[in-house]
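Q: Sharing a model that was predicted from the sequence below.
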Amino acid sequence: MTNFISKSLILASLIGLLVLYLSGTSEAQNNQDCCLSYSKVRLPRGVIRGYTEQLSTEVCDINAIIFHTKNGLKVCANPEQRWVKRHLLLLSDKLKKMSL
């Protein structure tokens, strides 16, 4: 009986550690979605498929525009740069025309 209890405690401990590890792993994966710095490369308009906005007031540390490229890459850009603002304006105009 004592052997059964000790095996059960070991199994419960292992399951608890596994749950803690998996919850920590998913949190780390969420942090990978954050831009931590800006790309120095200026993207041509033709490679951009869409974008998302990252706000420093939410989970991530910096404000950023995350451009999604046609080949599946995500590029972090500084929303204060003029070329980024132009791309956003053109993308929003394109979306407006598509919705008409």
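A: Structure received.
Q: Which helix or strand contains Val41?
A: If you go by DSSP states H and E, Val41 is not part of any helix or strand.
Q: number of nearby residues for Tyr51?
A: 19 (other Cβ atoms under 10 Å). Yep, even glycine has a C-beta here, placed from its N, CA and C like the rest.
Q: Not counting sequence-adjacent ones, nearest residue to it?
A: Among residues not flanking Tyr51 along the chain, Phe67 sits closest, at 5.0 Å (Cβ to Cβ, 6 or more residues apart in numbering).
Q: which SS state does the one you found fall under?
A: Of the three states, Phe67 takes strand under DSSP: H, G, I helix; E, B strand; the rest coil.
Q: if I look at it, how far off is Arg82?
A: Per Cβ to Cβ, to the nearest Å, Phe67 is found 15 Å from Arg82.
Q: what about the two, which has more around it?
A: Comparing Phe67 with Arg82 by other Cβ under 10 Å, the one with more neighbours is Phe67, at 23 against 8.
Q: Which residues are in contact with Leu55?
A: Applying Cβ atoms under 8 Å, 6 or more residues apart in numbering to Leu55 gives the contacts Asn63.
Q: Got the domain ranges for the protein?
A: 1-32, 36-100 (automatic domain parsing).
Q: which stretch in these has the least confidence?
A: Here the lowest mean pLDDT among those goes to domain 1-32, at a mean of 46.
Q: what number of residues lie near Leu88?
A: The number of residues packed near Leu88 is 17, by other Cβ under 10 Å.
Q: which residues of the protein fall in helices?
A: 2-32, 82-99 (DSSP state H).
Q: Would you check how far apart the residue nearest to Ile66 when sequence neighbours are not counted and Leu88 are?
A: Leaving aside its sequence neighbours, Ile66 sits nearest to Thr52 (Cβ to Cβ, 6+ apart; 4.8 Å). As judged by Cβ to Cβ, Thr52 and Leu88 stand 11 Å apart.
Q: Mutual contacts of these two, please.
A: Residues touching both Thr52 and Leu88 by Cβ under 8 Å, 6+ apart: Ile65.
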